[in-house]
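[1] structural data only, the sequence is not supplied:
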């Protein structure tokens, strides 16, 4: 791991992508900052974090030739990597909420933003942005459903130690991806997927509410939901959301 530590930056993902444009960077180059003013989540949401309390970082993974259609296995690997590390610290129920949130007892503790770079129709590299609530003890009113390792355990954690463990865990699960262990990874992922196999209320892009059962995720990351009469529909991130989140 090559670690670049910054006191403050707009976005670790943007900084790392710019480094890659300037010259080739080795896999598992990590950019970490104590303060991120333009941290982003899915669909342009903002990641809010108290200065120096949490982990905000980005990780680079290079590929020789990775099929674009299999890209969600990368997300699976990263989600499982974070889940494994968190479960070593807490006894709480750690779940992966599709597509890229990590929940502890139903409260958000981490978020992931993966940005791809294509070359010749294949993925050549990904920049994985991760925000993990570690030592923060209070959150803004507009983020009512958040928690942290400190809130869950009443203990403080060394950020560098947690970071090292997450990177090691990502390397482990990414090795499974690179060796084509997709079925094995999928089985692990479904075992940790929030509300998998349960009747759940959703809202579609038009605001219509409906109930269905999550039965899987496609290789490209579409959520597969079984609705009435055993029909299966597939949704991307912009087309569906959990009604209670």
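    That came through, no problem. None of these values were measured; they are calculated from a predicted model.
[2] ok, what's across the strand from residue 129?
    Under DSSP bridges, the beta-bridge partners of residue 129 are residue 58, residue 113.
[3] verify the contact between it and residue 13 for me.
    Yes. Using Cβ atoms under 8 Å, residue 129 makes contact with residue 13 at a distance of 4.2 Å. For glycine as for every other residue, the C-beta is placed from the backbone atoms N, C-alpha and C.
[4] so what's residue 44 scoring on pLDDT?
    Residue 44 is assigned a pLDDT of 53 by the prediction.
[5] name the helix or strand for residue 53, please.
    For residue 53, there is no host helix or strand (DSSP states H and E).
[6] what segments of the chain are helices?
    12-22, 72-89, 149-153, 159-178, 182-192 (DSSP state H).
[7] so residue 210 sits against residue 226, correct?
    No. Counting by Cβ under 8 Å, no contact exists between residue 210 and residue 226, whose distance comes to 11.4 Å.
[8] who touches the residue nearest to residue 19 when sequence neighbours are not counted in this structure?
    Closest residue in space to residue 19, ignoring its immediate chain neighbours: residue 25 at 5.6 Å, by Cβ to Cβ, 6 or more residues apart in numbering. Residues in contact with residue 25 (Cβ atoms under 8 Å, 6 or more residues apart in numbering) are 2, 16, 19, 60, 62.
[9] state the distance from residue 139 to residue 110.
    The gap separating residue 139 from residue 110 is 13 Å, by Cβ to Cβ, to the nearest Å.
[10] neighbour count for these two, which is higher?
    More crowded of residue 139 and residue 110, by other Cβ atoms under 10 Å: residue 110, with 27 against 19.
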